[in-house]
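In: curious how this folds, go ahead:
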Amino acid sequence: QGDATEALLVRHSYGDSINWNLPGGGYKPAQERPEAAMRRELHEELGAETATLDWLCEYKTAAQGKSD
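Out: You can find the predicted model right below:
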């Protein structure tokens, strides 16, 4: 684990846009690695092509009626 001092939070355009959340979404472990899923989601949600990423943990939620 890295010495992360910053975290990227977003306000989604769907659901409760008042709250700040982690960018992300679902992924299928049999089809892609977690790091690839993080990069894909950053690109899909923010248009980010590159970023320095430090793995902190895996976070699962069923908020807003979906499994992420």
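
In: now the strands for this protein?
Out: Assigned by DSSP state E, the strands in the chain number zero.

In: what pLDDT is listed against the residue nearest the centre of the chain?
Out: For the chain, the residue nearest the mean C-alpha position is residue 24 (2.5 Å; Cα atoms, centre = their mean). What the model reports as pLDDT for residue 24 is 73.

In: ok, the residue nearest to it when sequence neighbours are not counted to residue 25 distance?
Out: Once flanking residues are discounted, residue 24 sits nearest to residue 41: 4.9 Å by Cβ to Cβ, 6 or more residues apart in numbering. The way it works is simple: take the backbone N, C-alpha and C, and place the C-beta from them, glycine included. According to Cβ to Cβ, to the nearest Å, residue 41 stands 5 Å off from residue 25.

In: pLDDT weak spots in the protein?
Out: Applying pLDDT under 70 to the chain flags the ranges 1-4, 51, 63-68.

In: all helices of it, in order?
Out: Taking DSSP state H as the test, the helices found in the chain are 34-46.

In: let me know whether the residue nearest to the centre of the chain touches residue 34 as I believe.
Out: No. Contact criterion Cβ atoms under 8 Å: residue 24 and residue 34 do not qualify, at 10.4 Å.

In: which residues touch the residue nearest to residue 24?
Out: Contacts here follow Cβ atoms under 8 Å, 6 or more residues apart in numbering; on that basis residue 41 touches 23-25, 27.

In: make it 6 Å
Out: Contact partners of residue 41, counting by Cβ atoms under 6 Å, 6 or more residues apart in numbering, are 23-25.

In: same question for residue 37.
Out: Contacts of residue 37 (Cβ under 6 Å, 6+ apart): residue 27.

In: again, but for residue 45
Out: By Cβ under 6 Å, 6+ apart, the neighbours of residue 45 are residue 23.

In: perfect, that will be all.
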